[in-house]
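Peer 1: take this sequence and fold it.
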Amino acid sequence: MSESIEQIECLIIGSGPAGYTAAIYAARADMKPVLYEGLQPGGQLTITTDVENYPGYPDGIMGPEMMDNFKKQAVRLGTDVRFGMVTSVEFKNGGPQKVIVDGTKEISAKSVIISTGASAKWLGIPSESRLNGSGVSACAVCDGFFYRGSDVAIVGAGDTACEEASYLSKICSKVYMLVRRDEFRASKAMQHRVLNTPNIEVLFNTETDEILGDTTVEAVRVSNNVSGEKREIPIKGFFVAIGHTPNTEIFKPFLEMDESGYIITEKGSSRTNVEGVFCAGDAQDKIYRQAVTAAGSGCMAALDAERWLAAKED
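Peer 2: Residues are numbered from 1 along each chain as shown. Reported below is the predicted structural model:
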């Protein structure tokens, strides 16, 4: 093997709560972790304003500040945090694992922890990105609390959208559910729950034209795709629940995934189907998708990697 190929004991791909927590545990275990941050250092929380549901912050904390704290802790304990993008991999059982960074730099890693996360799908309208974090959100469980007692709207037709609409109905005065087609995609049970909730109004055949407001969300303009009728609905919060895309494309030739691209891990662990490769956070979690659960799975991945390396050396 060429001397120019860097040898790494524990490589962490991706930052965010999962990656940084894995780094903290791996550094404390003297695994000399190297973490590549990826295109969005800090993950989805860097585009989140107030975080009020992470334990240990009684007054809440801004998402970017929280991720900066995670990073500082990982670095203080000995993690080599690098800005860069893993562009391809070649995995094999037992390793070492070949990883290419930024298309040119080759790394040989004894163990790999994947924490590349998932990206929310958006509608793609300009006002959506302009007001993101100022009334527009892709996580009702994360941000719904800020709109308690207010009228809100949610876009989506599947189980997740129905679950989030139901959640919002408990804290918001009125929930408008905007469904593009003339029917739900959700299970019958979830449909019944939504349709039987008095303060949820479902608008079928409805598409979002524009989210209105200069600095915060004030209303949404929608149109009926059958009649062509347009209307403006006064709201304070606008939630998008049309799914997430896991950032796992480069791993597809080597790792088992579900039909949506989420990496499959062994139940009760972070182990993938390739020995020496582990996965944490939203790249493998399509159910909870919370910072605290991502951090917990990052801890699991570091402990799993440490034990795997120790057993291999015995």
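Peer 1: number of nearby residues for the residue lying closest to Gln284 once chain neighbours are set aside?
Peer 2: Of all residues beyond its chain neighbours, the one nearest Gln284 is Ile263 (4.5 Å), with distances taken as CB to CB, 6 or more residues apart in numbering. Backbone N, C-alpha and C define where each C-beta goes, glycine included. Residues lying near Ile263 (other CB atoms under 10 Å) number 25.
Peer 1: what do you get for Asp214?
Peer 2: Asp214, neighbours per other CB under 10 Å, totals 8.
Peer 1: could I get the phi/psi values of it?
Peer 2: The phi/psi pair for Asp214 (degrees, to the nearest 10) reads phi -80, psi -50.
Peer 1: repeat that for Gly16.
Peer 2: Taking degrees, to the nearest 10 as the convention, Gly16 sits at phi 90, psi -180.
Peer 1: that one touches Ala283, doesn't it?
Peer 2: No. Using CB atoms under 8 Å, Gly16 is not in contact with Ala283, being 9.8 Å away.
Peer 1: residues in contact with the residue nearest to Gln284?
Peer 2: By CB atoms under 8 Å, 6 or more residues apart in numbering, Ile263 lies in contact with 114, 246, 248, 251, 255-257, 272, 279, 283-284.
Peer 1: those in strands, which ones?
Peer 2: 114, 246, 279 (DSSP state E).
Peer 1: and which of the residues you listed is nearest Ile100?
Peer 2: Ile114 (14.7 Å; CB to CB).
Peer 1: my read: the closest one touches Ser15, true?
Peer 2: No. Judged on CB under 8 Å, Ile114 makes no contact with Ser15 at a distance of 11.9 Å.
Peer 1: skipping adjacent residues, who's closest to Asp80 in space?
Peer 2: Val34 (4.5 Å).
Peer 1: could you pull up phi and psi at that neighbour?
Peer 2: Main-chain torsions, Val34, degrees, to the nearest 10: phi -120, psi 130.
Peer 1: residue boundaries of the strands in the stretch 1-150 of the chain?
Peer 2: 6-13, 34-36, 50-51, 61-62, 80-82, 86-90, 97-101, 105-114, 118-120, 136-137 (DSSP state E, counting those that start in this stretch).
Peer 1: quick one: which of those strands is nearest Arg231?
Peer 2: Arg231 lies closest to strand 136-137 among those, at 19.2 Å (CB to CB).
Peer 1: return the distance of the closest one from the chain's centre.
Peer 2: Centre-to-centre, strand 136-137 and its host chain are 14 Å apart (CA atoms, centre = their mean, to the nearest Å).
Peer 1: what is it packed up against?
Peer 2: If contacts are counted by 3 or more CB pairs under 8 Å, 6 or more residues apart in numbering; DSSP states H and E, strand 136-137 sits against strand 237-240.
Peer 1: okay, now the unreliable bits of the chain?
Peer 2: Counting by pLDDT under 70, the chain shows low-confidence ranges at 1-3, 42, 46-49.
Peer 1: tell me the angle of the top helix by length along it relative to strand 105-114?
Peer 2: Determined from DSSP state H, the single longest helix within the chain is helix 291-313. Counting by axes from the mean of the first three to the mean of the last three CA atoms, to 10 degrees, helix 291-313 lies at 110 degrees to strand 105-114.
Peer 1: hmm, back to that, from the ones in strands among the contacts of Ile263, pick the one nearest Val220.
Peer 2: Nearest member of those to Val220, counting by CB to CB, is Pro246, at 28.3 Å.
Peer 1: quick check, the closest one in contact with Cys279.
Peer 2: No. With contact defined as CB under 8 Å, Pro246 does not reach Cys279; the gap is 9.9 Å.
Peer 1: helices of the stretch 51-200 of the chain, start to end?
Peer 2: Assigned by DSSP state H, counting those that start in this stretch, the helices in the stretch 51-200 of the chain fall at 63-76, 126-130, 140-143, 159-169, 188-195.
Peer 1: check which helix or strand covers Arg231.
Peer 2: Arg231 belongs to strand 230-234 when assigned by DSSP states H and E.
Peer 1: and that strand, which strands flank it?
Peer 2: Sheet pairing of strand 230-234 (DSSP bridges) gives strand 219-224 (antiparallel).
Peer 1: list the contacts of the spatially most central residue of the chain.
Peer 2: In the chain, the C-alpha nearest the mean C-alpha coordinate belongs to Ala118, at 4.2 Å (CA atoms, centre = their mean). Contacts for Ala118 (CB under 8 Å, 6+ apart) come out as 244-247, 262, 282-283, 286, 289.
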